[in-house]
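Student: For reference, the sequence and a predicted model appear below.
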Amino acid sequence: MVKYLFLRTDRIGDFLLSAILIKSIKRNDPNSHITVICSNNNYDIVKKINIVDEAILYPKNLVKKIIFFLKFVRKSYFFVGVLDGKKRSIYLSILVNAKVKILCTYKKFYKIILSIFYKIILLDTDSETKIIEIKNILEILKFNFNENDLNFLSTDFFTNSFFKKNNSKIPIDYNLFHFDEKWIYNKYIKSYTKIEPDSFDDLINLFSKIVLKTNKDIFITSGVIDNDFYNLIRQKFTYLNKNIYVLNLNFNKIFFFDKLSFYDLSELISKSNLIISNHGSATHIAATFNVKIIDIVDKSEEVFFHKWSSHFKNYNKINRESFIILSKKIINLL
């Protein structure tokens with residue numbers, strides 16, 4: 001057994017990209033044992049993915065952190081990869097014995113002050129895309145990359161089917177619109193272009209146009225942070241069960257899914273024909289299953305988003321603009 005340790009104590013989308021690297025290692029080294037140290041944000045997903053042998057949650061409590069660090073003193077691995085670039089992960093990785101240690105970071109001065117601890121320090125600017133960075137790590141390990149490594153999830157990942165749980169309440173042929181906090185001006189990055197709908201009617205009008213253009217039902221999924229639009233949907237749509245609401249149109253329906261777990265959200269994304277979303281973990285899930293994507297990004301970060309999405313297939317990118325203009329661009333891409 002060859003032991004690999006990855007530190008990914010950040011967000012779901014970040015881990016999902018790292019899963020491509022993990023799958024490559026699993027394919028190249030069938031004797032590998034993969035351990036991932038996770039955050040509260042990504043732990044539930046990491047522990048369910050079959051290419052990860054052990055998922056460990058990084059603790060929040062100070063005393064538990066000290067105990068956690070002490071457990072890793074003198075532990076031995078073949079490979080340690082600090083993929084999140086966080087100080088806590090750097091400190092922990094220094095305590096661990098490993099033949100190969102790699103640090104991925106945005107901070108140039110780390111390359112000078114930490115070079116004694118790592119075989120390789122990869123700066124974000126060293127690679128045009130994250131896939132190139134993954135290939136560079138594989139080359140260090142003398143492993144190869146295969147396009148199939150991009151598909152690190154399969155349909156059998158969803159063992160407790162959301163559709164089975166809801167029987168005949170929801171259809172199986174639909175498009176998905178992920179309406180999370182990134183649409184709401186005061187809930188997200190305020191330097192980004194505002195895309196919040198001007199009114200509830202404008203929002204429902206967009207949903208209706210998507211249904212009319214595609215002749216398919218549409219699933220609206222929420223984020224975890226409440227907003228006034230969610231409250232209006234709950235009031236005006238018909239309640240089906242604890243987190244599903246529906247609005248009947250002429251021949252199709254608009255379904256609203258209120259605060260699903262990321263696991264259930266991922267299943268809905270995997271079986272959709274199309275996803276419309278601001279760039280994030282939902283986009284990465286859709287890419288894994290080759291679902292058509294309309295990805296909304298801010299123009300100020302086009303280079304950054306290209307770095308993370310260059311490997312996506314069936315992909316369409318549009319910049320954040322006013323809701324009315326953005327709506328027209330979405331409809332034109334359908």
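Tutor: Thanks, I have the structure now.

Student: Touching, residue 152 and residue 50? I think so.
Tutor: No. Look at residue 152 against residue 50 with Cβ atoms under 8 Å: they stay out of range, at 9.4 Å. To be clear about C-beta, it is placed using only N, CA and C from the backbone, and glycine gets the same treatment.

Student: Which one of the two is surrounded by more residues?
Tutor: Between residue 152 and residue 50, counted using other Cβ atoms under 10 Å, residue 152 has the larger neighbour count: 22 against 12.

Student: can you confirm the more buried one is in a strand?
Tutor: No. Per DSSP: H, G, I helix; E, B strand; the rest coil, residue 152 lies outside any strand segment and is coil.

Student: Find me the pLDDT at it, would you?
Tutor: pLDDT for residue 152: 84.

Student: Please give me every residue in contact with the residue nearest the centre of the chain.
Tutor: In the chain, the residue lying closest to the centroid (Cα atoms, centre = their mean) is residue 281, at 2.0 Å. The contact partners of residue 281, taken as Cβ atoms under 8 Å, 6 or more residues apart in numbering, are 11-13, 16, 262.

Student: Tell me the helix or strand right after the host helix or strand of residue 212.
Tutor: Using DSSP states H and E, the element containing residue 212 is helix 200-214. Going down the chain from helix 200-214, the next helix or strand is strand 217-222, by DSSP H and E.

Student: Run through who's touching the helix or strand following that following strand.
Tutor: Where DSSP H and E defines the elements, the next helix or strand beyond strand 217-222 is helix 228-236. By Cβ under 8 Å, 6+ apart, the surrounding residues in contact with helix 228-236 are 179, 184, 197, 200, 203, 220, 222, 245, 247, 256, 258.

Student: Quick check: the gap between residue 60 and residue 9.
Tutor: According to Cβ to Cβ, to the nearest Å, residue 60 and residue 9 sit 11 Å apart.

Student: you'd agree residue 36 is up against residue 57?
Tutor: No. If you go by Cβ under 8 Å, residue 36 and residue 57 don't touch, sitting 10.1 Å apart.

Student: Name the residue in these two with the higher neighbour count.
Tutor: The residue with more neighbours, out of residue 36 and residue 57, is residue 36; 27 against 16, by other Cβ under 10 Å.

Student: so which helix or strand takes in the more buried one?
Tutor: Per DSSP H and E: strand 32-38 holds residue 36.

Student: And that strand, what's buried?
Tutor: By neighbour count on 16 or more other Cβ atoms under 10 Å, the buried set for strand 32-38 is 32-38.

Student: Tell me the one of the residues you listed nearest residue 267?
Tutor: Ranked by distance to residue 267 (Cβ to Cβ), these are led by residue 38 at 20.4 Å.

Student: Quick one: residues contacting that closest one.
Tutor: Shown in contact with residue 38 (Cβ under 8 Å, 6+ apart): 8-9, 15, 46-47, 55-58.

Student: What segments of the stretch 201-334 of the chain are strands?
Tutor: 217-222, 238-241, 244-248, 253-257, 274-278, 292-297, 315-319 (DSSP state E, counting those that start in this stretch).

Student: Figure out which of those is closest to residue 162.
Tutor: Per Cβ to Cβ, nearest to residue 162 of those: strand 253-257, 9.1 Å.

Student: Tell me which other helices or strands that closest one touches.
Tutor: helix 200-214, strand 217-222, strand 244-248, helix 262-270 (3 or more Cβ pairs under 8 Å, 6 or more residues apart in numbering; DSSP states H and E).

Student: Can you tell me which of these is nearest to residue 107?
Tutor: helix 262-270 (29.1 Å).

Student: you'd agree residue 121 is up against residue 109?
Tutor: No. Applying Cβ under 8 Å, one finds residue 121 not in contact with residue 109, separated by 10.6 Å.

Student: more crowded one of the two?
Tutor: Set side by side, residue 121 and residue 109 show more neighbours around residue 121, with 21 against 8, by other Cβ under 10 Å.

Student: per-residue confidence for that one?
Tutor: Residue 121 is given a pLDDT of 94.
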